[in-house]
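> sequence plus predicted model, see below.
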Amino acid sequence: MTESATVASRPEPVFFQGRYRRLEKLYVGQETEVWTVADALRPERALVLKSVPGRASLSERAARLESEYRLLSSMRHPGLARARDFGYDLADDRTFLVSDRAPGRTLESQVPLGVEAAIGLVVDVCRVLSTMHARSRLHLDVKPRNIMHDPDSGRTTLLDLDLAGFPEDAAGRGTPPYASPEAMGAGPVPDARSDVYSLGVTLYEMLTGRPAPAERLTEPLDTGDVVDAWLRELVKDMTAPAPDDRPPAARDVIRRLRASGRRWPDESFSTRSTVLSYPPLTGRRSEVKELLQAIPPTARRQAKKPVVLVRGPSGVGKSRIVAEAAIDWRCAGIRVLRVVPEPGPVGTLQPVYAVLEQLGRLSSRSVAASSVRNTC
């Protein structure tokens, strides 16, 4: 058998990082791969693993994936997939992000929609955008392919935040024809109205079933007589080429919809409590900095690994401080394992026992994965 034949027949490794078992390939692009995966340590979770070539320090695409991880880790909302893990796989030379799998199908496969269904989806997306805008972040890539909706549960999830960022960094980001003129470099610095524009183009497609013209728009999109006049005018306002002619923010779109007399369920208590329970970290940066100094990003290359005990009364924010530090650790290539131990037979040593048990399981997976790779 020739070398080329041997390489061509090599199967995909079953496990990624010795922990995530590949199940189904959802997408393969020039650089990006997306898989559904099962976590060997948390098999009950439905997860998605997205990976791109290279390290964040050397690859723009990998740097954008790191930015997406940092953003998803900094906020909580049911309309955003929660980030679970991030890192770099040396064997495959790929940076990866693991997040919860959003239920349903992309909006791209569900258009056209009825007016009521379209309005409900717009409200859902506006609520997510409002949460992002409150943190001074723009999504910059709102489009049907990046909106997942599950008709059974009614859940809507906004995907792919790798282009998201601060307004001052937004120029040149987006996907025509959904990107606003200013996001494409024609106009002032993009702000929340840029995402309103993209959502307006998406709403046009939801209502008409027709894609927006590929060329840059010089006039607002017009749905025609397929909808009532007030909704037709809203689409025109949202897709106005000039930012000053659009609704100022996502919450203003919701106000316009509410003014039409339409009603939809308020945000649930669980949604509001989820958002409010994870505000931006304030007043504790010194503790996070101290923890990062105790376990620096270079710790993975040190022969003697540091051990740090974080202690204090219940409810003072120890877990949040560690979670914030873990973001930097993962981005530096340090693998982070979070364990919530159950009561067990070893008493006060149960947390240590739980960590060693899971490390042992990961170690056996890594050995098995390495054996598969070396025999292919």
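In hand now; what should we look at?
> where in the stretch 201-350 of the chain is pLDDT low?
Scanning the stretch 201-350 of the chain for pLDDT under 70 picks out 264-277, 341-349.
> any idea where the helices of it begin and end?
Assigned by DSSP state H, counting those that start in this stretch, the stretch 201-350 of the chain shows helices spanning 229-238, 250-259, 269-276, 285-294, 318-331, 350-375.
> what's the domain layout of the chain?
For the chain, automatic domain parsing gives the domain ranges 3-101+320-375, 105-259.
> which among the helices of the stretch 201-350 of the chain is found nearest to residue 183?
With CB to CB, the closest approach to residue 183 among those belongs to helix 229-238: 14.3 Å. Backbone N, C-alpha and C define where each C-beta goes, glycine included.
> report all helices and strands that the closest one contacts.
Applying 3 or more CB pairs under 8 Å, 6 or more residues apart in numbering; DSSP states H and E, we find helix 229-238 packed against helix 192-208, helix 250-259.
> quick one, the last one and helix 229-238 angle?
Just to be clear, that refers to helix 250-259. 170 degrees (axes from the mean of the first three to the mean of the last three CA atoms, to 10 degrees).
> repeat for the longest one
Following the same axes, to 10 degrees, one obtains 140 degrees for the angle between helix 192-208 and helix 229-238.
> which helices and strands sit right next to helix 192-208?
Counting by 3+ CB pairs under 8 Å, 6+ apart, helix 192-208 packs on helix 115-134, helix 229-238, helix 250-259.
> closest one to residue 311 among those?
Closest among the helices and strands packed on helix 192-208, using CB to CB: helix 115-134, at 32.5 Å.
> now that closest one, how far from the centre of its chain.
16 Å (CA atoms, centre = their mean, to the nearest Å).
> what mean pLDDT does the top strand by length along the chain have?
Counting by DSSP state E, the longest strand found in the chain is strand 20-28. Mean pLDDT, computed over strand 20-28, is 93.
> just the CA coordinates for that strand, please, in PDB.
Extracted in PDB, the C-alpha atoms of strand 20-28 (Å, rounded to 0.1, in the frame of the first residue of the first chain):
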ATOM      1  CA  TYR A  20     -15.000  15.100  23.200                       C
ATOM      2  CA  ARG A  21     -16.400  12.200  21.100                       C
ATOM      3  CA  ARG A  22     -17.300  13.300  17.600                       C
ATOM      4  CA  LEU A  23     -20.800  12.400  16.700                       C
ATOM      5  CA  GLU A  24     -22.100  14.200  13.600                       C
ATOM      6  CA  LYS A  25     -20.400  16.600  11.200                       C
ATOM      7  CA  LEU A  26     -22.700  19.700  10.900                       C
ATOM      8  CA  TYR A  27     -20.600  21.900   8.700                       C
ATOM      9  CA  VAL A  28     -17.200  21.900   6.900                       C
END
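> partner strands of the next helix or strand after it, with direction?
Remark: after strand 20-28, the chain's next helix or strand is strand 33-39, criterion DSSP states H and E. Here strand 33-39 is paired, per DSSP bridges, with strand 20-28 (antiparallel), strand 47-53 (antiparallel).
> just name the most buried of these.
strand 47-53 (a mean of 22; mean count of other CB atoms under 10 Å).
> the helix or strand following it packs against which elements?
Following strand 47-53 in sequence order, the next helix or strand is helix 60-74 (DSSP H and E). Judged by 3+ CB pairs under 8 Å, 6+ apart, helix 60-74 is in contact with strand 47-53, strand 83-89, strand 94-100, helix 318-331.
> buried stuff in helix 60-74?
Residues of helix 60-74 classed as buried by neighbour count (16 or more other CB atoms under 10 Å): 62, 63, 64, 65, 66, 67, 68, 69, 70, 71, 72, 73.
> again, but for stretch 128-145
Using 16+ other CB under 10 Å as the test for burial, stretch 128-145 gives 128-133, 137-144.
> can you give me the end-to-end span of it?
The straight-line separation of the ends of stretch 128-145 (CA to CA, to the nearest Å) is 16 Å.
> same check on stretch 217-224?
Per CA to CA, the first residue of stretch 217-224 is 16 Å away from its last.
> residues touching that stretch, excluding its own?
Defining contact as CB atoms under 8 Å, 6 or more residues apart in numbering, one finds that stretch 217-224 is touched by 177, 181, 200-201, 204, 207-208, 212, 231-232, 235-237, 239-241, 245.
> same thing with stretch 81-97?
13, 16-17, 33, 39, 45, 47-56, 59, 62, 65-66, 68-69, 72-73, 76, 98-102, 157, 159, 330-331, 333, 335-336, 373.
> and the closest residue to residue 183 other than its chain neighbours, how many neighbours?
Counting by CB to CB, 6 or more residues apart in numbering, residue 183 lies nearest to residue 174, which is 4.4 Å off, once chain neighbours are set aside. Using other CB atoms under 10 Å, residue 174 has 25 other residues around it.
> measure residue 174 to residue 353 for me?
Residue 174 sits 50 Å away from residue 353, going by CB to CB, to the nearest Å.
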